[in-house]
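# based on what follows, work out the 3D shape:
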Amino acid sequence: MTAAYFREPWSAHAEPLLATVRMRKVDTLMPMVGLTEILNICRRNMAEVWAGDVDAIVADFISLPVAWFERSGALVQRAWDLFRRHQIGTNDAFYCILAGDWGAEIWSQDGNFIDQALKSGINMHDLRAKAFS
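Next up is the predicted model:
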(Lines give C-alpha, C1' and ligand atoms only; values in the text may rest on other atoms or scores of the structure.)
Protein backbone atom coordinates (compact mmCIF):
# COMPACT_ATOMS: atom_id res chain seq x y z
CA MET A 1 0.00 0.00 0.00
CA THR A 2 2.96 2.34 0.45
CA ALA A 3 3.05 3.04 -3.29
CA ALA A 4 -0.32 4.77 -2.85
CA TYR A 5 1.25 7.22 -0.40
CA PHE A 6 4.40 8.18 -2.31
CA ARG A 7 4.57 9.01 -6.01
CA GLU A 8 6.01 5.93 -7.66
CA PRO A 9 5.61 4.59 -11.21
CA TRP A 10 2.88 2.18 -10.09
CA SER A 11 1.12 4.40 -7.53
CA ALA A 12 -2.06 4.37 -9.61
CA HIS A 13 -2.16 0.57 -9.24
CA ALA A 14 -1.94 0.79 -5.43
CA GLU A 15 -4.43 3.62 -4.88
CA PRO A 16 -7.52 1.39 -5.38
CA LEU A 17 -6.13 -1.00 -2.75
CA LEU A 18 -5.74 1.77 -0.18
CA ALA A 19 -9.22 3.11 -0.98
CA THR A 20 -10.75 -0.35 -0.64
CA VAL A 21 -9.08 -0.86 2.74
CA ARG A 22 -10.27 2.57 3.95
CA MET A 23 -13.85 1.77 2.91
CA ARG A 24 -13.65 -1.59 4.72
CA LYS A 25 -14.58 -3.47 1.54
CA VAL A 26 -11.90 -6.07 2.29
CA ASP A 27 -10.63 -7.60 5.49
CA THR A 28 -7.04 -6.49 5.91
CA LEU A 29 -4.50 -8.19 8.13
CA MET A 30 -0.81 -7.53 8.59
CA PRO A 31 1.96 -8.63 10.86
CA MET A 32 3.19 -5.98 13.30
CA VAL A 33 6.38 -5.73 11.24
CA GLY A 34 4.26 -3.75 8.75
CA LEU A 35 4.34 -0.79 11.14
CA THR A 36 8.13 -0.88 11.24
CA GLU A 37 8.24 -1.10 7.46
CA ILE A 38 5.98 1.93 6.90
CA LEU A 39 8.05 3.98 9.36
CA ASN A 40 11.25 3.06 7.52
CA ILE A 41 9.71 3.92 4.15
CA CYS A 42 8.50 7.26 5.52
CA ARG A 43 11.93 8.00 7.00
CA ARG A 44 13.60 7.33 3.64
CA ASN A 45 11.12 9.62 1.84
CA MET A 46 11.62 12.59 4.15
CA ALA A 47 14.39 13.92 1.88
CA GLU A 48 11.88 14.41 -0.96
CA VAL A 49 8.58 14.92 0.88
CA TRP A 50 7.70 17.68 3.34
CA ALA A 51 7.89 16.39 6.93
CA GLY A 52 4.30 17.45 7.67
CA ASP A 53 3.06 15.36 4.75
CA VAL A 54 5.07 12.37 5.97
CA ASP A 55 3.60 12.80 9.47
CA ALA A 56 0.12 12.77 7.91
CA ILE A 57 0.97 9.57 6.01
CA VAL A 58 2.08 7.87 9.23
CA ALA A 59 -1.11 9.00 11.00
CA ASP A 60 -3.28 7.79 8.12
CA PHE A 61 -1.55 4.42 7.90
CA ILE A 62 -1.89 3.64 11.60
CA SER A 63 -5.58 4.61 11.49
CA LEU A 64 -6.40 2.12 8.71
CA PRO A 65 -8.84 -0.68 9.64
CA VAL A 66 -6.19 -3.40 9.80
CA ALA A 67 -6.03 -6.45 12.06
CA TRP A 68 -2.45 -6.42 13.37
CA PHE A 69 -0.87 -9.73 14.35
CA GLU A 70 1.84 -9.99 16.98
CA ARG A 71 4.81 -12.25 16.51
CA SER A 72 4.65 -15.31 18.73
CA GLY A 73 7.34 -17.92 19.17
CA ALA A 74 5.50 -20.33 16.88
CA LEU A 75 5.00 -17.65 14.22
CA VAL A 76 8.68 -16.67 14.39
CA GLN A 77 9.70 -20.30 13.94
CA ARG A 78 7.40 -20.66 10.94
CA ALA A 79 8.82 -17.46 9.40
CA TRP A 80 12.33 -18.81 9.87
CA ASP A 81 11.35 -22.14 8.31
CA LEU A 82 9.82 -20.34 5.31
CA PHE A 83 13.01 -18.33 4.88
CA ARG A 84 15.09 -21.50 5.01
CA ARG A 85 12.89 -23.35 2.49
CA HIS A 86 12.24 -20.56 -0.03
CA GLN A 87 14.65 -17.72 0.85
CA ILE A 88 11.72 -15.37 1.48
CA GLY A 89 12.93 -12.38 3.49
CA THR A 90 12.32 -12.86 7.18
CA ASN A 91 9.98 -9.84 7.42
CA ASP A 92 8.15 -10.87 4.24
CA ALA A 93 7.73 -14.39 5.61
CA PHE A 94 5.30 -13.08 8.24
CA TYR A 95 3.01 -11.75 5.49
CA CYS A 96 3.19 -15.10 3.68
CA ILE A 97 2.31 -17.06 6.80
CA LEU A 98 -0.70 -14.87 7.56
CA ALA A 99 -1.87 -15.07 3.93
CA GLY A 100 -1.54 -18.84 3.96
CA ASP A 101 -3.31 -19.23 7.31
CA TRP A 102 -6.19 -16.97 6.30
CA GLY A 103 -6.45 -17.92 2.62
CA ALA A 104 -5.66 -14.31 1.78
CA GLU A 105 -4.06 -12.64 -1.21
CA ILE A 106 -0.94 -10.49 -1.04
CA TRP A 107 -0.67 -7.41 -3.25
CA SER A 108 2.85 -6.00 -3.44
CA GLN A 109 5.14 -3.92 -5.60
CA ASP A 110 8.32 -5.50 -4.18
CA GLY A 111 9.79 -7.54 -7.04
CA ASN A 112 12.07 -9.72 -4.91
CA PHE A 113 9.28 -10.55 -2.48
CA ILE A 114 6.88 -11.35 -5.33
CA ASP A 115 9.36 -13.66 -7.05
CA GLN A 116 10.17 -15.59 -3.89
CA ALA A 117 6.58 -15.79 -2.63
CA LEU A 118 5.29 -17.10 -5.97
CA LYS A 119 7.84 -19.92 -5.81
CA SER A 120 6.42 -20.93 -2.44
CA GLY A 121 2.82 -21.06 -3.69
CA ILE A 122 1.52 -17.88 -2.02
CA ASN A 123 -1.43 -16.16 -3.74
CA MET A 124 0.58 -13.10 -4.80
CA HIS A 125 -0.36 -10.20 -7.08
CA ASP A 126 2.13 -7.76 -8.62
CA LEU A 127 0.99 -4.14 -8.25
CA ARG A 128 3.66 -3.11 -10.75
CA ALA A 129 1.88 -5.10 -13.46
CA LYS A 130 -1.79 -4.52 -12.63
CA ALA A 131 -4.03 -2.39 -10.47
CA PHE A 132 -5.71 -3.80 -7.40
CA SER A 133 -9.13 -5.20 -8.25
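# what helix or strand does the closest residue to Met46 other than its chain neighbours sit in?
Computed as CB to CB, 6 or more residues apart in numbering, the closest residue to Met46 that is not its neighbour in sequence is Val54, at 5.4 Å. All C-beta spots, glycine's among them, are computed from the backbone N, C-alpha and C. In the assignment (DSSP states H and E), Val54 maps to helix 51-63.
# mind checking what helix or strand follows that helix in sequence?
That would be, after helix 51-63 and using DSSP H and E, strand 67-69.
# what mean pLDDT does that next one get?
The average pLDDT for strand 67-69 rounds to 91.
# on the C-terminal side of it, identify the next helix or strand.
Counting by DSSP H and E, what follows strand 67-69 is helix 73-86.
# for the residue nearest to Met46, give me its contacts.
Counting by CB atoms under 8 Å, 6 or more residues apart in numbering, Val54 makes contact with Cys42, Asn45, Met46.
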